[in-house]
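In: I'd like to go over a predicted model; first the sequence, then the structure.
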Amino acid sequence: MKTPNRLQPLIDDGLIDDVLQRLKSGKEADVYTVRCGDAIHCAKVYKEASQRSFRQAVQYQEGRKVRNSRDARAMQKGSKFGRKQQEEVWHTAEVDALFRLAHAGVRVPQPSICLDGVLIMELITDGEGAVAPRLSDVTLSEETAVAHFHLMLRNIVRMLCAGLVHGDLSEFNVLLDAQGPVIIDLPQAVDAAANNHAQAMFMRDVTNITEYYAQFAPSLRQTRYGKEIWALYEDGKLTPETPLSGHVVEETHEVDMGALLDEIIAAEDDFYARQRAAQARDDE
């Protein structure tokens, strides 16, 4: 196949020997299989900001660390240099997340290098050595769906214990190898403690994964793992091995409707009394 322009410099530098095929064209990057010596790897070529359909929304950038104040100011102003730095942060965020999560025991591709908007990493394969399919492309038995769902939950928990929330997790960015699910696509991963949107993103991630597996195991729709895991995380009680039940006891309070109406009426009386007093002062 014709060598993509963004990969040619890596071939010229001897980092890649050959480009074998394009695996997919996504909303943020094109992905290729490449040969590096005797090994086959995956090359993720990030698209320019103007070509991406996945925008670097403010909620994903919040809480990300920048090398120095000069870069931060440039990124805030949106200057040419600032936009370049923003792109660099977007690219390196995935590399940083992959190293961090692999160290924490989360099943992700092992990263190698990231250079000029190209990430070289491990190629995930199935039991027969072919490129692993995405979850969206497979059909599971109920038993397998339940087993893989719990494997995914453990990975999500390990990710949160490592301080990260995927932010865009679904069946479209999880691969299935011989051992089970492998999480991919992490440039938008957010800091669980530093990002104010982290909880909402986490809940959405768990909901998406639950809904996918519930297609094959409908009983999973009755679970509430997202709320349970986040509550444990906020209380400082979450560990990679914390037992989970999938149930949350919601706090309920009986409402005294009579007392509530009395408070509303009293508030209205107070409001109108203050209005009359103000009007009387204006008339004097």
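Out: That came through, no problem.
In: List phi and psi for the residue nearest to L186 when sequence neighbours are not counted.
Out: Spatially, and ignoring its direct neighbours in sequence, L186 is nearest to A97 (4.3 Å; Cβ to Cβ, 6 or more residues apart in numbering). Backbone N, C-alpha and C define where each C-beta goes, glycine included. Main-chain dihedrals, A97, degrees, to the nearest 10: phi -70, psi -40.
In: these two touch, right, A97 and G167?
Out: No. The criterion here is Cβ atoms under 8 Å, and A97 misses it with G167 at 10.1 Å.
In: what do these two both touch?
Out: Residues touching both A97 and G167 (Cβ atoms under 8 Å, 6 or more residues apart in numbering) are A189.
In: ok so, going back, the residue nearest to L186: neighbour count?
Out: 23 (other Cβ atoms under 10 Å).
In: go on, H150?
Out: H150: 16 neighbours (other Cβ under 10 Å).
In: So what does it have for phi and psi?
Out: Residue torsions, per degrees, to the nearest 10, at H150 are phi -70, psi -30.
In: residues touching the residue nearest to L186, list them.
Out: V108, L164, L186, P187, A189.
In: Could you report the neighbour count for the fourth one?
Out: The number of residues packed around P187, counting by other Cβ under 10 Å, is 23.
In: and it, how far is that from D116?
Out: Between P187 and D116 the distance is 15 Å, computed by Cβ to Cβ, to the nearest Å.
In: host element of the closest residue to S245 other than its chain neighbours?
Out: Using Cβ to Cβ, 6+ apart and skipping the chain neighbours, the partner closest in space to S245 is E228 (6.7 Å). Using DSSP states H and E, E228 maps to helix 225-234.
In: Buried residues in stretch 172-192, which are they?
Out: Buried residues in stretch 172-192, counted by 16 or more other Cβ atoms under 10 Å: 172-176, 180-190, 192.
In: how long is that stretch end to end?
Out: The first and last residues of stretch 172-192 sit 22 Å apart, counting by Cα to Cα, to the nearest Å.
In: Show the pLDDT at the nearest residue to I124 once chain neighbours are set aside.
Out: The shortest distance from I124 to any non-neighbouring residue, by Cβ to Cβ, 6+ apart, is to A132 (4.3 Å). Looking at A132, its pLDDT reads 96.
In: Which parts of the stretch 101-250 of the chain are strands?
Out: Taking DSSP state E, counting those that start in this stretch as the test, the strands found in the stretch 101-250 of the chain are 111-115, 118-122, 164-165, 174-177, 180-183, 190-191.
In: helices or strands up against the last one?
Out: Other helices and strands packing on strand 190-191, by 3 or more Cβ pairs under 8 Å, 6 or more residues apart in numbering; DSSP states H and E, are strand 164-165, helix 198-214.
In: nearest to R6, of those?
Out: With Cβ to Cβ as the measure, strand 164-165 is the member of the helices and strands packed on strand 190-191 nearest R6 (26.8 Å).
In: Specify the helix with the largest residue count in the chain.
Out: In the chain, ranked by residue count with DSSP state H as the criterion, the top helix is helix 257-283.
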